[in-house]
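Enquirer: Could you work out the structure for the sequence below:
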Amino acid sequence: MRRLRNVKIVATLGPSSSDYTTIRALFEAGADVFRLNMSHGTHEEQQARYDILRQVEADTGRPVAVLADLQGPKLRVGVFSAGAADLEEGDLFRLDLDPTEGDGHRVCLPHPEIFAALEPGARLLVNDGKIRLRVDRCGPDFADCIVTTGGTISNRKGVNVPDVVLPLAALSQKDRKDLEFACELGVDWLALSFVQRPEDVLEARDLARGRAQVLSKIEKPAAVSAFDEILKVSDGIMVARGDLGVELPVHAVPPIQKRLIRKCRAAGKPVIVATQMLESMIESPMPTRAEVSDVATAIYEGADAVMLSAESAAGRYPVEAVATMNNVAESVESDPTYRDIIEASRTAQRQTIADGIVAAAREIAETTDISAICCYTQTGKTVALVARERPRVPIVALSPITTTLRKICLYWGVHSVRCEKVERFKMAVVNAARAARDYGFADETNQIVVTAGVPFNVQGTTNILRVAPCDERLIFRTDPE
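Expert: Modelled structure (predicted):
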């Protein structure tokens, strides 16, 4: 099943999308990667969704990637004697460690780590920033605050602390259990929440032990500040604009999004743009014009993937949401301006032999009559480099390793094809030509570019490039060995 676009679509599964029929429909509508949100649902429910995904994969013959999104620490206030309290601008309000029920003057904040990091002047944002407090005085067990934006504060509302790096690990005890469960399940990607520093990512990588790729969610100002270091130790990035838009001024998020996407592209690591992309489709069969423009902007910027959250997990129109995103992507990528923008923002990388090979493959494909770039890969690293080039022709990735084929479903423009293990380059070329024909990327009159590493089946040896015909008779005639 060939996609007619390069950007990938990530769809979250949930109550609205937990049966075989719906999940199969989401895949056929355009979903390439499926997200299991570990903040909701039991392990048994996630296991059932995962099993259905693998059944869809088997029935369609197309690799499917699965991403498990870890919840991360949740910072919340305690409870109120009346269930809620009204705060007005200028009021004094205390947060403390006293577990007794709160009122209009104070409430428990059962997180001593927050008090340890607070300083006078720091901001505290409650209920997604609807209520804003500024710290006036603080100690190891309290913070006296001035209300700068009032409203109704109620039981167990979330708290954001944007101005300080909190001495909290990105992985809670729940996250550690969820991580081990997800890795044993066989997911391909782990999304790590509450990342503040590269050490958070390294801890998750140690626990994953290579069983899944680690993708860092950028949702805190500290992560933006340390982004270069976080990117180096991550396998991928998610620009999680929900919390990012709470902790930073909303007008600061678009330029941050653009900057992070460009850095990910330069590094050859996949980047997902997420949160509120088609939010109105939770209840409506049609998105707003602004939402369509938002999705289009992420695609024009060169993101590897765009993501649906509640739209596909809990909304009334999950399949329609995926179809809408697919249609927007096809429309944007058919616009001549799209290629102008993508190519103008390409960053030259010439540090290794593999860099040179993939750059040459893209240049040959764009200056001659080439129908596809076909890559043999063991780990997916070469495919990531080809995707970084954002070529004008399709990328066909061939591998005998199922886990590799699933992982690279997230990469821009990549079509994953399983092949048998080969020992000679000639057979690699033959298999590439067959795959290009079988999946509609070329016919016998066309030519393809084939990249591979010799000796075969050894990681990190991409060192050969060939322009080859798609007619097997010509391949054997010109390369009898």
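
Enquirer: what's around the closest residue to Glu366 other than its chain neighbours, how many residues?
Expert: For Glu366, ignoring the flanking residues on the chain, the nearest one in space by CB to CB, 6 or more residues apart in numbering is Arg392 at 5.4 Å. The way it works is simple: take the backbone N, C-alpha and C, and place the C-beta from them, glycine included. Neighbour count for Arg392, taken as other CB atoms under 10 Å: 15.

Enquirer: for Arg392, helix, strand, or coil?
Expert: The local conformation at Arg392, judged by DSSP: H, G, I helix; E, B strand; the rest coil, is coil.

Enquirer: roughly how far apart are it and Thr451?
Expert: 16 Å (CB to CB, to the nearest Å).

Enquirer: Please tell me I have it right and Leu13 contacts Tyr20.
Expert: No: with contact defined as CB atoms under 8 Å, Leu13 does not reach Tyr20; the gap is 11.7 Å.

Enquirer: Looking at the two now, which is surrounded by more residues?
Expert: More crowded of Leu13 and Tyr20, by other CB under 10 Å: Leu13, with 28 against 13.

Enquirer: Tell me the pLDDT of the residue lying closest to the more buried one once chain neighbours are set aside.
Expert: Using CB to CB, 6+ apart and skipping residues adjacent in sequence, the residue nearest Leu13 is Arg49, 4.9 Å away. Note for Arg49: predicted pLDDT of 98.

Enquirer: Okay, buried residues for the helix or strand encompassing Arg49 please.
Expert: If you go by DSSP states H and E, Arg49 is part of helix 43-60. By neighbour count on 16 or more other CB atoms under 10 Å, the buried set for helix 43-60 is Gln46, Arg49, Tyr50, Ile52, Leu53, Val56, Glu57.

Enquirer: so what secondary structure elements neighbour that helix?
Expert: Judged by 3 or more CB pairs under 8 Å, 6 or more residues apart in numbering; DSSP states H and E, the packing partners of helix 43-60 are helix 20-29, strand 33-37, strand 65-69, helix 173-185.

Enquirer: what angle do the longest one and strand 65-69 make?
Expert: On the basis of axes from the mean of the first three to the mean of the last three CA atoms, to 10 degrees, helix 173-185 is oriented at 170 degrees to strand 65-69.

Enquirer: Which elements pack onto helix 173-185?
Expert: Using 3+ CB pairs under 8 Å, 6+ apart: helix 173-185 touches helix 43-60, strand 65-69, strand 189-192, helix 198-208.

Enquirer: With only the CA atoms kept, save that helix in PDB.
Expert: These are the backbone C-alpha positions of helix 173-185, laid out as PDB (Å, rounded to 0.1, in the frame of the first residue of the first chain):
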ATOM      1  CA  GLN A 173       8.100   4.700  39.100                       C
ATOM      2  CA  LYS A 174       5.000   4.300  36.900                       C
ATOM      3  CA  ASP A 175       7.100   5.200  33.900                       C
ATOM      4  CA  ARG A 176       9.700   2.600  34.700                       C
ATOM      5  CA  LYS A 177       7.100  -0.100  34.900                       C
ATOM      6  CA  ASP A 178       5.500   1.200  31.700                       C
ATOM      7  CA  LEU A 179       8.800   1.400  29.900                       C
ATOM      8  CA  GLU A 180       9.700  -2.300  30.700                       C
ATOM      9  CA  PHE A 181       6.200  -3.400  29.700                       C
ATOM     10  CA  ALA A 182       6.400  -1.500  26.400                       C
ATOM     11  CA  CYS A 183       9.800  -2.900  25.600                       C
ATOM     12  CA  GLU A 184       8.700  -6.400  26.400                       C
ATOM     13  CA  LEU A 185       5.700  -5.900  24.300                       C
END
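
Enquirer: who's in contact with that helix?
Expert: With contact meaning CB atoms under 8 Å, 6 or more residues apart in numbering, helix 173-185 is reached by 36, 38, 43, 46-47, 50, 68, 70-72, 171, 190, 193, 204, 207-209, 211-212.

Enquirer: Now, of those residues, which are buried?
Expert: For these, buried by 16+ other CB under 10 Å: 36, 38, 46, 50, 68, 70-72, 171, 190, 193, 204, 207-208, 211-212.

Enquirer: how does this structure divide into domains?
Expert: 8-72+169-335, 84-160, 353-478 (automatic domain parsing).

Enquirer: What is the three-state secondary structure of the spatially closest residue to Gly268 that is not a sequence neighbour?
Expert: Nearest residue to Gly268, sequence neighbours excluded (CB to CB, 6+ apart): Arg388, at 4.0 Å. Secondary structure state of Arg388, per three-state DSSP, is helix.

Enquirer: which ones are touching Arg388?
Expert: By CB under 8 Å, 6+ apart, the neighbours of Arg388 are Arg265, Ala266, Ala267, Gly268, Gln349, Val358.

Enquirer: Now which of those residues would you call buried?
Expert: Buried among the contacts of Arg388 (16+ other CB under 10 Å): Arg265, Ala267, Gly268, Gln349, Val358.

Enquirer: got JSON lines for the residues you listed, with pLDDT, secondary structure and distance to Thr152 too?
Expert: Formatted as JSON lines, the buried ones among the contacts of Arg388 follow (pLDDT from 0 to 100; DSSP: H, G, I helix; E, B strand; the rest coil; distance: CB to CB, whole Å):
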{"residue": "Arg265", "pLDDT": "94", "secondary structure": "helix", "distance to Thr152": "43"}
{"residue": "Ala267", "pLDDT": "93", "secondary structure": "helix", "distance to Thr152": "44"}
{"residue": "Gly268", "pLDDT": "93", "secondary structure": "coil", "distance to Thr152": "47"}
{"residue": "Gln349", "pLDDT": "69", "secondary structure": "coil", "distance to Thr152": "52"}
{"residue": "Val358", "pLDDT": "91", "secondary structure": "helix", "distance to Thr152": "55"}
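
Enquirer: Between these, which sits nearest Glu113?
Expert: Glu113 has its nearest neighbour among the buried ones among the contacts of Arg388 in Ala267, at 31.5 Å by CB to CB.

Enquirer: Hmm, Ala68 is touching Leu192, no?
Expert: No: if you go by CB under 8 Å, Ala68 and Leu192 don't touch, sitting 10.2 Å apart.

Enquirer: Okay, helices next: where are they in the stretch 151-300 of the chain?
Expert: Applying DSSP state H, counting those that start in this stretch to the stretch 151-300 of the chain gives helices spanning 173-185, 198-208, 221-225, 227-233, 241-247, 253-267, 289-300.
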